[in-house]
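Q: I would like the atomic coordinates for the input below:
(one chain, ligands or ions: 3)
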Amino acid sequence: MVVLSKPAMKQLSPIKTIKPTATFSSRIPLIDLSKPDSKNHLVKACEEFGFFKVINHGVPTEFITSLESEAVKFFSLPLSEKEKAGPPEPFGYGNKCIGPNGDVGWVEYLLLRTNPAFDEQRFASIFGRNLEFPRCAVDDYVSAVKRMACEVLELLADGLKIQQRNAFSKLLMDEQSDSVFRVNHYPPCPDLQDDSTKGTNLIGFGEHTDPQIISVLRSNNTSGLQISLRDGSWISVPPDQNSFFINVGDSLQVMTNGRFKSVRHRVVANSLKSRVSMIYFGGPPLSEKIAPLPSLMEGEDSLYKEFTWFEYKKSAYKSRLADNRLGLFEKIVAS
Ligand SMILES: C=C1C[C@]23C[C@@]1(O)CC[C@H]2[C@@]12CC[C@H](O)[C@@](C)(C(=O)O1)[C@H]2[C@@H]3C(=O)O
Ligand SMILES: O=C(O)CCC(=O)C(=O)O
Ligand SMILES: [Fe+2]
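A: Numbering: from 1, shown residues only. Ligands and ions are numbered 1, 2, ... in the order given. From the prediction side, this is the model:
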């Protein structure tokens, strides 16, 4: 079974299908941010999984529910209306096409910038006069999630015994922080019934790691998110609309000289229910050098060549979703 999106300029691959072999796992680390020992659990989770679930996160429920209902309203509009906010370059409304290099998935989305430089006018220019998406609901939600992301990063710095506890979080707090916000909608996708594809599902969002420092993800109660373990196997993440899921991004992997690993993840479309997810990608300013923190090197050499976030992002936008983007920046170690 091949599902093609509408013709576009780029050569598009068919949306991939997948046999639902991953099992739901109770192994995903659960971090209670209100507990005094959370910093050590956080470090362990970042080392072992690059992924964890957070409870007692302090993000007001009303910010979550109000933004999610606005997202549902937006995605319920006729396609011709939503397309007025597209195509994503990279910001705006996108449908099936992910990124500029031919990746596709069973997903539609809004990709927005979050820093203050993305002013009212530029926000409005995406949505136009008759197509509203409430900037204030995005701002309330993103500010609260960013605060929580910074708290997590500061606890991680404490857990790693880094003296400057804002070593990571200051990059998200910077006025020039290149952070991004994404709302994904995965429409229900009935089980495929073709002989060759019976019992398989479409890929909603293909496997990848996130390039930034940290990603904070929240979804409605529909399953679909899967993460890859260190042995390469995939596990399904049980959905929980009251919690947040956090991904270590490539930049945090580099800043910890590989001690934390960015997590490979993907989304499989659900056959019956639609899935809505909202993800804040906390990134550094474009000019920031991404390099291991000296206190984490303990006499080791950096595993990575020196690069700025601008250079990494430029390279990421030339890559396909599933590529090992950090590979290009790893030092070749003589054996
Ligand atoms: C295929 C692509 C989409 C992406 C840019 C890229 O060329 C490779 C990285 C992709 C990713 C993954 C995490 C985030 O969803 C994202 C916004 C990002 O920063 O990197 C996407 C990019 C995108 O959709 O524009
Ligand atoms: O929608 C999701 O749950 C995850 C999507 C994702 O990984 C991304 O947008 O980078
Ligand atoms: Fe991702």
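Q: residues from the stretch 151-300 of the chain in reach of ligand 1?
A: The stretch 151-300 of the chain has residues Val180, Arg182, His208, Asp210, Pro211, Phe281 near ligand 1, with proximity defined as C-beta under 6 Å from any ligand atom. (Glycine included, C-beta is placed from N, CA and C.)
Q: grab the nearest non-local neighbour of Val216.
A: Nearest residue to Val216 in three dimensions, chain neighbours excluded: Tyr280, at 4.6 Å (C-beta to C-beta, 6 or more residues apart in numbering).
Q: okay if I get the residues of the stretch 151-300 of the chain next to ligand 1 as a markdown table plus neighbour count and distance to Leu153?
A: Converted to a markdown table, those look like this (neighbours: other C-beta atoms under 10 Å; distance: C-beta to C-beta, whole Å):
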| residue | neighbour count | distance to Leu153 |
| --- | --- | --- |
| Val180 | 22 | 17 |
| Arg182 | 19 | 20 |
| His208 | 22 | 22 |
| Asp210 | 26 | 15 |
| Pro211 | 23 | 16 |
| Phe281 | 22 | 13 |
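Q: just checking: which of the residues you listed also lie near ligand 2?
A: Arg182, Asp210.
Q: among the residues of the stretch 151-300 of the chain next to ligand 1, which one sits closest to Leu110?
A: For those, the residue nearest Leu110 by C-beta to C-beta is Arg182; the value is 7.0 Å.
Q: which helix or which strand is home to the closest one?
A: With secondary structure defined by DSSP states H and E, Arg182 is part of strand 180-186.
Q: check which helices and strands that strand sits against.
A: When contacts are defined as 3 or more C-beta pairs under 8 Å, 6 or more residues apart in numbering; DSSP states H and E, strand 180-186 packs onto helix 61-75, strand 103-113, strand 201-208, strand 275-282.
Q: tabulate these (a markdown table), appending mean pLDDT.
A: Listed next are these as a markdown table, based on pLDDT from 0 to 100:
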| stretch | mean pLDDT |
| --- | --- |
| helix 61-75 | 97 |
| strand 103-113 | 96 |
| strand 201-208 | 94 |
| strand 275-282 | 98 |
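Q: return the residues of this structure in contact with ligand 2.
A: Residues of the chain lying near ligand 2 (C-beta under 6 Å from any ligand atom): Arg182, Asn184, Phe205, Asp210, Leu217, Ser219, Leu225, His265, Val267, Ser277, Ile279.
Q: from ligand 2, how far out is the one residue in the stretch 51-200 of the chain that gets nearest to ligand 1?
A: Here the stretch 51-200 of the chain gets closest to ligand 1 at one residue, Gly99, 2.4 Å apart by C-beta to the nearest ligand atom. Gly99 sits 10 Å away from ligand 2, going by C-beta to the nearest ligand atom, to the nearest Å.
Q: ok, Arg320 next?
A: 14 Å.
Q: my read is that that residue contacts Asp103, right?
A: Yes - using C-beta atoms under 8 Å, Arg320 is in contact with Asp103, at 5.9 Å.
Q: higher neighbour count, these two?
A: Asp103 (22 against 14; other C-beta atoms under 10 Å).
Q: beta partners for that one?
A: Ile98 (DSSP bridges).
Q: tell me the contacts of it?
A: Ser13, Cys97, Gly206, Arg320, Leu321 (C-beta atoms under 8 Å, 6 or more residues apart in numbering).
Q: rerun at 6 Å
A: Asp103 makes contacts with Gly206, Arg320, Leu321, as judged by C-beta atoms under 6 Å, 6 or more residues apart in numbering.
Q: and Gly105, by the same measure?
A: Going by C-beta under 6 Å, 6+ apart, Gly105 touches Ile98, Ile203, Gly204, Phe205, Gly206.
Q: grab the nearest non-local neighbour of the second one.
A: The shortest distance from Ile203 to any residue other than its chain neighbours is 4.4 Å, reached at Lys16 (C-beta to C-beta, 6+ apart).
Q: same check on the third one?
A: With C-beta to C-beta, 6+ apart as the measure, Val267 is the residue that lies nearest to Gly204, at 3.9 Å, once sequence neighbours are left out.
Q: hmm, Ser223 and that neighbour touching each other?
A: No - Val267 is beyond contact range of Ser223, at 9.5 Å (criterion: C-beta atoms under 6 Å).
Q: could you check which residue of the stretch 51-200 of the chain lies nearest ligand 2?
A: In the stretch 51-200 of the chain, the residue that lies nearest ligand 2 is Asn184 (4.0 Å; C-beta to the nearest ligand atom).
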